[in-house]
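Chemist: Predicted coordinates and the sequence they were generated for:
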Amino acid sequence: MKALKKHIILSLFAMAINQFVAQKMKPYVSEVWVSDLGNGMYKNPVLYADYSDPDVIRVGDDYFMTASSFNEMPGLPILHSKDMINWKLVNYAITDLVPKEHFDKPRRGDGVWAPSIRFHKGEYYIYWGDPDFGIYMVKTKNPFEKWEDPILVMEGKGLIDSCPFWDEDGQAYLVHGWAGSRAGVKSLLTINKMNTEGTKVLDKGIHVFDGHDAHPTVEGPKMYKRNGYYYIFAPAGGVATGWQLVLRSKNIYGPYEEKIVLEKGSTKINGPHQGAWVDTQKGEDWFYHFQDVDAGGRIVHLQPMKWEKDWPVIGIDNNKNGIGEPVLTFKKPNVGKTYPIETPAESDEFNDNKIGLQWQWSANENVVWSAKLVGKDYLRLFSIKIPDGEKNLWNIPNLLTQKFPAPNFVATTKIKLFPEDAKEGKTAGLLVMGMDYQSLVITNKPDGFYLQLRNAQKAEKGGEEKILNEIKLKSNEVFLKVDVKEPNGICTFSYSENEKKFENIGDRFQAKPGKWIGAKVGIYSVSDSKVSRGGYADFDFFRITKIK
């Protein structure tokens, strides 16, 4: 009898373990945006999130994507897919931006611009341009693990949008663009020789294309070789309004022929450009690009592609002018197998030992900003003092935010504020961050806890944060929610003291993009500079759900 009881207990324990493992292994599927239609088709965008300037490669049966991350840390996101449609955020290539001391403070819009990812001789490389310091590279043999420290490949101002290329003879090259704001000139593409290790540029470079005449703001070059032609895929015409240009030549230094291969045309997809040519195991060709949707950021589309007379044809040529236009739905790429539906994570119950990969700070992370203790089912954010003289959150590094995941969604969190010895001045809340921002917070005063709706207009120019509404709470605990809806991020904030009935507070707020990024949603915990130190806020969960 004892043996039977022991067997039953062990069986139940094993079942519980298996269920736990299965739950952990189960792919995350968003409630608010899924590109895979489940019938062999997909819809664009494949990622309705601000993975701007995307670059993608295939290595065997695996696809890897990275994107611009600017000052948000960790940076250089690594996304993985098996079928080009269902993506999972699996890693970041950098945990700190360098120079570290410089980026320990928010440098919004600076940092990582338009990276390129490549696989060469068993190693994964990512190159990016920092407009103030030069072109950096990181590499690894395993993209799911820690990447090596960044190497400054080419020092200089205005060097951006870099892509490496190893020719068949082993010679390494680097093609890049120029930031007019730093270099004084833009709309040029330049090729430099590198050492074979790809760690150092060897010459001053040669300009291979000038876009001033017909292709202003040509940038973001990606280099490939096919049928004896060198190809440079490059966007032109501006972030929200541009087109995709392809250059080709039998000589790497030119002269290059040019052809526009993708444009908005009669579609509603503005500025379809800047991305990556990728082939499948079955020989199909595809092209990733972004679309700028303002508060939603630069979202990622996938277009079918084919070759005609050694020129790529991207999308569908609806008006027969020889230039492709983007599709909204299409048959999924043929990769030889069918894979489960999966999307990048959004919600976080804060039950794991680390926060989810979807979260980013506004600068290099300081370990004292938060605590995620083993066995605790909440995230603790400490009440970090706002520096003297700051009028709003624009220069505050300890904002924990993530990308807008869809055109329509709800974000909900539960907060408990612990001011410790301070009688007032400790604040924590839910935030929609951009050049204008709005937050719903809990704060303390000598007579108790208050809910406040706060707003700052033109935050990047020093606009003062103002309190729009204030309500006294019964306790130090509150549920906060924001509904984000089309068109273009209309936000309605609400609160509840029992999680059952939510009350709207204040007028609707129009989300605004940040500097070169979309609006972000998240949480934070701060302290007035003049009150006593200490204090923290515990966040039970952060959930992204569909609007009911």
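Modeler: Looks like it came in fine.
Chemist: Flag the helix or strand of this protein with the lowest per-element mean pLDDT.
Modeler: Ranked by mean pLDDT, DSSP states H and E, the weakest helix or strand in the chain is helix 2-25, scoring a mean of 48.
Chemist: distance of the closest residue to K530 other than its chain neighbours from Y450?
Modeler: Using C-beta to C-beta, 6 or more residues apart in numbering and skipping residues adjacent in sequence, the residue nearest K530 is G425, 7.3 Å away. The C-beta positions use only the backbone N, C-alpha and C, and glycine is treated the same way. As judged by C-beta to C-beta, to the nearest Å, G425 and Y450 stand 12 Å apart.
Chemist: just K43 next, same as before
Modeler: 44 Å.
Chemist: Show me where the stretch 151-300 of the chain dips below the pLDDT cut-off.
Modeler: Applying pLDDT under 70 to the stretch 151-300 of the chain flags no residue at all.
Chemist: hmm, back to that, where do the contact lists of G425 and Y450 overlap?
Modeler: Counting by C-beta atoms under 8 Å, 6 or more residues apart in numbering, the shared contacts of G425 and Y450 are 443-444.
Chemist: Would you map the strands across the stretch 51-200 of the chain?
Modeler: Along the stretch 51-200 of the chain, the segments classed as strands by DSSP state E, counting those that start in this stretch run 55-59, 62-66, 75-81, 87-94, 113-120, 123-130, 134-140, 151-155, 159-166, 172-178, 188-194.
Chemist: Of these, which is nearest L302?
Modeler: Nearest to L302, of all the strands of the stretch 51-200 of the chain, is strand 55-59, at 9.0 Å by C-beta to C-beta.
Chemist: Can you name the residues in contact with that closest one?
Modeler: Residues outside strand 55-59 that contact it (C-beta under 8 Å, 6+ apart): 63-67, 84, 115-119, 124, 163, 222, 275-276, 278-281, 288.
Chemist: In ChimeraX, how would I select just the buried ones from those residues?
Modeler: To isolate the buried members of the contacts of strand 55-59 in ChimeraX, using 16 or more other C-beta atoms under 10 Å:
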select :63,64,65,66,67,84,115,116,117,118,124,163,222,275,276,278,280,288
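Chemist: tally of neighbours for F541?
Modeler: Per other C-beta atoms under 10 Å, the neighbour tally for F541 reads 16.
Chemist: and the strand or helix carrying it, how far from the chain's centre?
Modeler: Here F541 is covered by strand 536-545, with elements defined by DSSP states H and E. Averaging C-alpha positions (C-alpha atoms, centre = their mean, to the nearest Å) puts strand 536-545 21 Å from its chain's average.
Chemist: got it, and stretch 444-452?
Modeler: The answer for stretch 444-452 is 35 Å, by C-alpha atoms, centre = their mean.
Chemist: ditto for stretch 279-293
Modeler: The answer for stretch 279-293 is 18 Å, by C-alpha atoms, centre = their mean.
Chemist: can you redo the strands of the stretch 51-200 of the chain as JSON lines with distance to G38?
Modeler: Below are the strands of the stretch 51-200 of the chain laid out as JSON lines (distance: least, C-beta to C-beta, whole Å):
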{"stretch": "strand 55-59", "distance to G38": "23"}
{"stretch": "strand 62-66", "distance to G38": "20"}
{"stretch": "strand 75-81", "distance to G38": "16"}
{"stretch": "strand 87-94", "distance to G38": "16"}
{"stretch": "strand 113-120", "distance to G38": "29"}
{"stretch": "strand 123-130", "distance to G38": "31"}
{"stretch": "strand 134-140", "distance to G38": "34"}
{"stretch": "strand 151-155", "distance to G38": "43"}
{"stretch": "strand 159-166", "distance to G38": "35"}
{"stretch": "strand 172-178", "distance to G38": "39"}
{"stretch": "strand 188-194", "distance to G38": "41"}
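Chemist: Just tell me which of those ends up closest to Q358.
Modeler: Distance to Q358, taken as C-beta to C-beta, is lowest for strand 87-94 among the strands of the stretch 51-200 of the chain, at 6.4 Å.
Chemist: can you list the residues that contact that closest one?
Modeler: 27-28, 46-47, 65-66, 69, 73-81, 112, 126, 138, 140, 143-145, 147, 150, 342-345, 357-358.
Chemist: run the last query once more with 6 Å
Modeler: With C-beta atoms under 6 Å, 6 or more residues apart in numbering as the test, strand 87-94 has contacts from 74-81, 126, 138, 144, 147, 342, 344, 357.
Chemist: Using PyMOL, define a selection of the buried residues within those residues.
Modeler: Command for PyMOL that selects the buried part of the contacts of strand 87-94, burial taken from 16+ other C-beta under 10 Å:
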select buried, resi 74+75+76+77+78+79+80+81+126+138+147+342+344+357
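Chemist: Sort out which one of the contacts of strand 87-94 lies nearest K331 for me.
Modeler: S81 (16.5 Å).
Chemist: Quick check, the closest one in contact with D61.
Modeler: No: using C-beta atoms under 6 Å, S81 is not in contact with D61, being 10.2 Å away.
Chemist: which residues touch the strand holding F541?
Modeler: 31, 346-349, 378-383, 405, 409-418, 428, 523, 525.
Chemist: Now list the buried members of those.
Modeler: Counted by 16+ other C-beta under 10 Å, the contacts of strand 536-545 give 31, 346-348, 378-383, 405, 409-418, 428, 523, 525 as buried.
Chemist: Could you list which of those belong to helices?
Modeler: The members of these all map outside helices under DSSP state H.
Chemist: Can you flag which of those belong to strands?
Modeler: Using DSSP state E, the subset of the buried ones among the contacts of strand 536-545 located in strands is 379-382, 409-418, 428, 523, 525.
Chemist: Now stretch 305-321 - C-alpha only, CSV.
Modeler: Extracted in CSV, the C-alpha atoms of stretch 305-321 (Å, rounded to 0.1, in the frame of the first residue of the first chain):
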residue,chain,number,x,y,z
MET,A,305,10.5,38.7,-54.4
LYS,A,306,11.7,37.2,-57.7
TRP,A,307,14.5,37.9,-60.2
GLU,A,308,14.0,39.1,-63.7
LYS,A,309,17.0,39.9,-66.0
ASP,A,310,19.2,40.1,-62.9
TRP,A,311,17.0,42.7,-61.2
PRO,A,312,14.8,41.9,-58.1
VAL,A,313,11.1,42.4,-58.4
ILE,A,314,9.6,43.0,-55.0
GLY,A,315,5.9,42.8,-54.1
ILE,A,316,3.3,43.0,-57.0
ASP,A,317,3.6,45.4,-59.9
ASN,A,318,-0.1,46.5,-59.9
ASN,A,319,0.1,49.2,-62.5
LYS,A,320,2.7,47.5,-64.7
ASN,A,321,5.2,50.3,-64.4
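Chemist: Going forward, the N-terminal residue is numbered 20.
Modeler: Sounds good: first residue 20 from here, last item stretch 324-340.
Chemist: Tell me the buried residues in it?
Modeler: Residues of stretch 324-340 classed as buried: 324, 330-334 (neighbour count, 16+ other C-beta under 10 Å).
Chemist: which residues sit against that stretch?
Modeler: 246, 248, 265, 278, 280-281, 284-285, 304-306, 322, 343-346.
Chemist: Then stretch 356-365?
Modeler: Stretch 356-365 has contacts (C-beta under 6 Å, 6+ apart) with 46-49, 55, 101-102, 105, 107-108, 375, 377, 424, 563.
Chemist: swap in stretch 182-201?
Modeler: 135, 137, 139, 146, 150, 176-181, 204-205, 207, 209-211, 213, 215, 217, 238, 240-242.
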